[in-house]
Structures are given as C-alpha cells and as structure tokens.
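A.B. asks: Generate coordinates for the sequence data below:
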Amino acid sequence: MRNNSQQSLRSQLHMLWPIIRRYRLPLINLFLCVLVTSVVGMVYPYIFGLLVDEVFYHRNMSFFLFIVAGYGLIYACEQGLHLVLNSVWTYLVTRFTFDIRKKLYDKLLTLKSTFFHNSRTGDLMTILNRDAEEVMELIHWNIFYLTANALRLLTAIAFVLYANVYLGLLMIIVIPAVAFTTLAFNRATKSRMERQRKQYGKLMSWCVEMLGGLRDIRLMGADRYTTRQFVHQLADYMRLKNQTSSIGFFSERAVSLVALVSDLILYITASILIVKGQLTVGGFVAMIEYFARASGLLKNMSGAGARLQQNKVALERVVGLLANQEEDRSVNSPDLLITKGSIEFSKVSFGYRKETPVLRDLNLSIQGGQTVAIVGKSGSGKSTLISLLLRLYDPEEGEIVIDGMPIQHCRLASLRSSIVVALQEPYLFEGTIRDNLLWGNAKQSDQMLWHACEQAAIHDYILELPDGLDTKIGGRLGISMSGGQKQRIALARTFMKKPRMVIFDEATSALDGETEQVVRDSWRKLGPQTTILIIAHRLSTIREADQVAVLDEGRIVAYGHHEELLQRSSAYRKLFAEQYTEYGEVING
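C.D. replies: As a prediction, the model looks like this:
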C-alpha cells in the first residue's frame, strides 16, 4: 500500500516535471542549503556538552574562548545560509505557483465541453486557488522539510552513538515506535482530508450558484430556505474538518506520549551510566538536548505528515485536472477557409448522455449566404446543434461539413475564428466599453468601433455617456447596463469581426421592437456572402429569415420559408399555436 502511494506521488510529480525542471538550479541550491543548515544546527548540543565538561567541570577558561569563537562562527554561517534559503524559497514559491496556475488555466481553455458539463465551478475555483498553492507546499513539506528533519534526526543519532553506544541504541529503538504511530494516524487523516476537500468544493459551488441567483431568491421569499441549505452544507464541511483536526490532535498526543516514555527511560539509563563512569555530565546534558530535539523533530514530522496528506490530496486534484482529455487542437490540420458559407449536417446523432440522445439522425443543408432561423420547443436541440457546429462537442454519428470540408478535419482554432457567435446572455468583462469591444478585435481603430456601435444601435447611448467608449462597466465602480444594452455591445463586437458566418443565439431577445428592427437591418449590411443562423423566438425575426428549420425531438421535421411552412407543415403550425403567439404577435397565413 505504501509503495503504491509513493509510486503514485512520484507519477503525479512527474506530470509537473515540465514546470519543476525550469527551477532545477534554485531547487538544488535550496536543497544544499537545507542539508548544510540541518547538520550545522545539530552541532550546538555537542559544543554545549564540551563547555560543561571543559569549562564548568575542569575550569579550563582558555577552552572557553575557543568555544565562544567557534559558536559565533557557526551561528554566523547558519544565519547566512538561512538568509539565502529564505530568498530562494520566496522566489520559488512565487514563480512556481504562477506557472502552475497558468498551466491549469491553459488546460481549462482546451478541455472538452463534457468536462465542464460534469464539473462544479466551486471545485475548479478551489483547484486554481488553494490546490495550486498547496502543490508547492507539498514539495516543501515532502522534499525539504521532512528531508531536513530526517537529516537532523540522523545527525542527532550519530552524535549520541559517538558519545555512548547504549544511549544511541535506545534512541534507535524509540524512533520506529514513534514513526509507526505517526504513519498509522496519517493514513486515517488522508481519507478524511479527501472527503473534506470534496465537501469544500461542493460548498463553494453552492455559494457561487446562490450568489448568482440572489435576486431571484429574494423575490421568491426563499431566504430562510436558502439559509437552512447553507447551514446544512456548512455543517457537513465543518463536521469533516473537525474530524480531520481531531485525528491530527490525537496523532500529536500519541507521539508526545511515546516521547515522554522515552525521556523517562533516558534519565534512568543516563543516571546508571554516569554512576558507572561511562558518561560525563557534559555528555548527559548534550544527550538530554539531543533527545529533546529528536522528540521535537518527531512531533514536527507527525504534524508535517498530516499536512503532507492534505497536500497530496491537492496534488491529486491538480494532476487529475491536467490529465483530462483535451479538445483536438492539432496544428497540422488544415485551416478552414470559408468561401461560400454552406453548411451540411449529415445523419448527425448526439447526446450528453448515451441513454438520452438529443439529436437523432439529423440532416440539414444550408446554402451559403442564407439567413436561417432555427425554431423548436425548449429542449428540442437548438443550442446543441450550434454547439456541434462550433465543435464544443463532437457528434457520436454523422458529420458536419462547411464548404465541403468536414469540421473534424480542420484546425479547431481556425473553425472558431471563422464563426462569430452572439449569445442571448452575453458576458461583458469588467473594464471599459472599449475594452469589451476590442476583446478579440485588438487591431480595430476608433472609427471601426463607432461604425460597429452604429450598426448595433448602441452608438447614441455611448455618446451620451460622460467618458464615451472609455466608460467603465461592471464592478463596483462601473455603470450598470440593461440586458438590451449588453446585447447591443455584444452585437457591436460581432459586427467588428466582419464574419462570413454568424450565429445569433436568441441574441436580440432583450431588445425592444424598434431597436430589434434596426439591428436586423444591420444584419443585411454584413453582405450577401455571410451565412446567418438564428435561434429565434420572435415571429418578426422568423418572417425575415430566408429559411426556417423546425427541430422536434432531435430531428429536422420541416424546412422552408415561413409562409410556406405555415401552409404545408402541421408541426410548424402547432409550434406557433403553442409558443409564438405568447409574444403578442399576430400570425397571418
């Protein structure tokens, strides 16, 4: 079991070797400093024993000056090494934690969407923050701290054996007993620590969700219910934390008990040896100090062992994230070059879970330059269709082709850079309006910015702001924006890219009728070569589309112009009767 654990730790650290090897020289310097300071620090009891024997007992005052000079020299060297050690360690912690967080963040950007579908936000936040820091702590506790303490312990044993073999053998007998007690408690601590980490991630995920929905909680009057849920989640976490702390406490007490028994045996044995003339008074004083230090080292190693188990759990979570399968981002694949903008879904099937398919043998052909509205009931697969087109997921069966090239065969970065997406609930970053418009469009001029804002019908609103494009949005210092204003900022960002293919995922749902008409008119300015896909909920949007694709239970059940479908498709008429009249728009035809 222990060998498997050590092997697992080595294999996990091996995954971080690309980061660790960048700091080989600082780590080697640090390790050498630890070795030297560990040995030098254990010389003091021996020197003090000589002081007692030669100066206090034999009255040799000339030896006193020699000891004081040697003591001062050793102390100065030790403090100098500690200064170097602390400087190198501070540098390593800062740089290593930065690198590992960057590696984790880069990994998150390349993971498949199925990973996020099955992950909690709180868990990912914990890995990026706490766990990333604790990986470096693991290197500290496991490689440096435990190694330094083990070396100090061996040095103490060597000095004791040199002074008296019997006392040295006594120390060798005591150490395994304390080590066995420590390891037994560490195993119990690790299992509790894993459960505590999982509960902490669950608690953080719950808090993120509740804070995001705080307004709705108040409106529904669910304050007390939410508080009870929070108390329940927090109580579970605190219970596990208390269990872990209790085991750590009992571990330290058990080690202290063994150390106390060893001290009693030491005093009895040393007294007998002094009476027999086999041990000097100075030697006895040094032995007491060495045993006290050994006892303290074992206590520290016991506490460090519990800490090590916590760090190992953090390492497992970090390595587990890094081991997840990435999206196919092969740089050797050809770039997608959109010329016509045609899209072909051929016998596409997909499900987030195999037992519940969302799309079933779906076929859809879209000509380049067309505006196609995709309609259907909630859960019919509209957003899934778009996710497959962007390769957030890959179909289980069938293929998707753009301008004759299967999207699985082209470079993923070129696919996503060729298609612009405007979402129903766009995410605006904390910063200025200019920053948000330039996100992904860094080389655009102010003239282009204003032109895009005019197309998105947000131009006049920005002009009225005191700082114009440099107005801060989001955060405590930024202005608040309505849902419609956010959508128009996102639309302006879309227009700036001058795309050949655009997806509007209900991107005008928060706009009033007049503004929506202005935005729809601006779509036409994208040019006849631009293919536009719209997940539509408004009748006005559907009427102006070239074609309408009706999704039902994962299949395209009707495809054609709005008026045509009203005449010949019962599924389309039923959808309108149930859904689109809710918007208060009269259906003619």
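A.B. asks: Show me where the stretch 301-450 of the chain has its strands.
C.D. replies: Counting by DSSP state E, counting those that start in this stretch, the stretch 301-450 of the chain has strands at residues 343-350, 359-366, 371-376, 397-402, 405-406, 419-423, 431-432.
A.B. asks: between the second one and strand 371-376, what angle do the directions make?
C.D. replies: Orientation note: strand 359-366 sits at an angle of 160 degrees relative to strand 371-376 (axes from the mean of the first three to the mean of the last three C-alpha atoms, to 10 degrees).
A.B. asks: Please name every helix or strand in contact with strand 359-366.
C.D. replies: strand 343-350, helix 382-389, strand 397-402, strand 555-560 (3 or more C-beta pairs under 8 Å, 6 or more residues apart in numbering; DSSP states H and E). C-betas here are computed from N, CA, C, even on glycine.
A.B. asks: pLDDT weak spots in the stretch 1-150 of the chain?
C.D. replies: 1-10, 142-143 (pLDDT under 70).
A.B. asks: repeat that with 50
C.D. replies: Along the stretch 1-150 of the chain, segments meeting pLDDT under 50 span 1-4, 7.
A.B. asks: same thing with the chain?
C.D. replies: Within the chain, the stretches with pLDDT under 50 are 1-4, 7, 582-589.
A.B. asks: so can I have TSV of the strands of the stretch 301-450 of the chain showing mean neighbour count?
C.D. replies: TSV is the format used below for these (neighbours: other C-beta atoms under 10 Å):
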stretch	mean neighbour count
strand 343-350	19
strand 359-366	18
strand 371-376	23
strand 397-402	18
strand 405-406	14
strand 419-423	21
strand 431-432	17
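A.B. asks: can I get those strands in CSV with distance to Ala158?
C.D. replies: As requested, those are exported to CSV (distance: least, C-beta to C-beta, whole Å):
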stretch, distance to Ala158
strand 343-350, 67
strand 359-366, 72
strand 371-376, 78
strand 397-402, 70
strand 405-406, 70
strand 419-423, 68
strand 431-432, 62
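A.B. asks: Indicate which one of these is closest to Asp236.
C.D. replies: Proximity to Asp236 (C-beta to C-beta) singles out strand 419-423 among those, at 35.4 Å.
A.B. asks: mind listing what that closest one pairs with, with the direction of each?
C.D. replies: Strand 419-423 pairs in its sheet with strand 501-505 (parallel), by DSSP bridges.
A.B. asks: quick one: contacts of the partner strand?
C.D. replies: Strand 501-505 is contacted from outside by 338, 341, 343, 383, 386, 389-390, 402, 418-424, 494, 523, 526, 530-535, using C-beta atoms under 8 Å, 6 or more residues apart in numbering.
A.B. asks: okay, it in PDB with CA atoms only?
C.D. replies: The C-alpha coordinates for strand 501-505 follow below in PDB (Å, rounded to 0.1, in the frame of the first residue of the first chain):
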ATOM      1  CA  MET A 501     -20.700  33.100 -40.800                       C
ATOM      2  CA  VAL A 502     -22.600  34.300 -37.800                       C
ATOM      3  CA  ILE A 503     -24.700  32.600 -35.200                       C
ATOM      4  CA  PHE A 504     -27.300  34.600 -33.200                       C
ATOM      5  CA  ASP A 505     -28.300  32.500 -30.200                       C
END
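A.B. asks: still on that earlier bit, and of the strands of the stretch 301-450 of the chain, who's closest to Thr110?
C.D. replies: Proximity of the strands of the stretch 301-450 of the chain to Thr110 was assessed by C-beta to C-beta; the nearest stretch is strand 419-423, lying at 18.3 Å.
A.B. asks: May I see the helices and strands packed on strand 359-366 arranged in a markdown table, with distance to Ser262 as well?
C.D. replies: Below are the helices and strands packed on strand 359-366 laid out as a markdown table (distance: least, C-beta to C-beta, whole Å):
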| stretch | distance to Ser262 |
| --- | --- |
| strand 343-350 | 66 |
| helix 382-389 | 65 |
| strand 397-402 | 70 |
| strand 555-560 | 77 |
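A.B. asks: who wins for proximity to Pro45 among the ones you listed?
C.D. replies: Closest among those, once you apply C-beta to C-beta, is helix 382-389, at 68.5 Å.
A.B. asks: Which strands and helices lie in contact with that closest one?
C.D. replies: strand 343-350, strand 359-366, strand 371-376, strand 501-505, strand 531-535.
A.B. asks: Pull out the buried residues from it.
C.D. replies: Neighbour counts using 16 or more other C-beta atoms under 10 Å place Lys382, Ser383, Thr384, Leu385, Ile386, Ser387, Leu388, Leu389 of helix 382-389 among the buried residues.
A.B. asks: do the same with stretch 556-567
C.D. replies: In stretch 556-567, counting by 16+ other C-beta under 10 Å, buried: Ile556, Val557, Ala558, Tyr559, Gly560, His562, Leu565, Leu566.
A.B. asks: Farthest pair within these?
C.D. replies: Ile556 and Leu566 (17.0 Å).
A.B. asks: So which of the strands of the stretch 301-450 of the chain is nearest Lys102?
C.D. replies: Proximity to Lys102, assessed across the strands of the stretch 301-450 of the chain by C-beta to C-beta, is greatest for strand 431-432 (20.9 Å).
A.B. asks: list the helices and strands that closest one packs on?
C.D. replies: Helices and strands touching strand 431-432, by 3+ C-beta pairs under 8 Å, 6+ apart, are strand 472-473.
A.B. asks: now the strand it packs on: how far from the chain's centre is it?
C.D. replies: The chain centroid and the centroid of strand 472-473 are separated by 27 Å under C-alpha atoms, centre = their mean, to the nearest Å.
A.B. asks: same check, this time on stretch 266-273
C.D. replies: What separates the centre of stretch 266-273 from the centre of its chain is 56 Å, taken as C-alpha atoms, centre = their mean.
A.B. asks: if we can go back for a sec, if we only consider the buried residues of stretch 556-567, which is nearest to Ile489?
C.D. replies: Nearest member of the buried residues of stretch 556-567 to Ile489, counting by C-beta to C-beta, is His562, at 29.5 Å.
A.B. asks: which stretches of the stretch 401-550 of the chain form helices?
C.D. replies: 412-418, 433-437, 446-455, 459-464, 483-496, 513-524, 539-544 (DSSP state H, counting those that start in this stretch).
A.B. asks: Can you say which of those is packed in most?
C.D. replies: helix 483-496 (a mean of 23; mean count of other C-beta atoms under 10 Å).
A.B. asks: now the angle between strand 419-423 and that helix, please.
C.D. replies: Calculated by the same axes, to 10 degrees, helix 483-496 forms an angle of 170 degrees with strand 419-423.
A.B. asks: How far does helix 483-496 sit from its chain's centre?
C.D. replies: Centroid displacement of helix 483-496 relative to its chain, using C-alpha atoms, centre = their mean, is 29 Å.
A.B. asks: Same check on stretch 274-284?
C.D. replies: Distance of stretch 274-284 from the chain centroid (C-alpha atoms, centre = their mean) equals 60 Å.
A.B. asks: Now tell me what touches that stretch from outside.
C.D. replies: 48-54, 56-57, 163-164, 166-167, 270, 273, 287.
A.B. asks: Produce a ChimeraX select command limited to the buried residues of those residues.
C.D. replies: Burial among the contacts of stretch 274-284 is assessed by 16+ other C-beta under 10 Å; the matching ChimeraX selection reads:
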select :48,49,50,51,52,53,54,163,164,167,270,273,287
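A.B. asks: give me the number of residues near Ser271?
C.D. replies: By other C-beta atoms under 10 Å, the residues close to Ser271 number 12.
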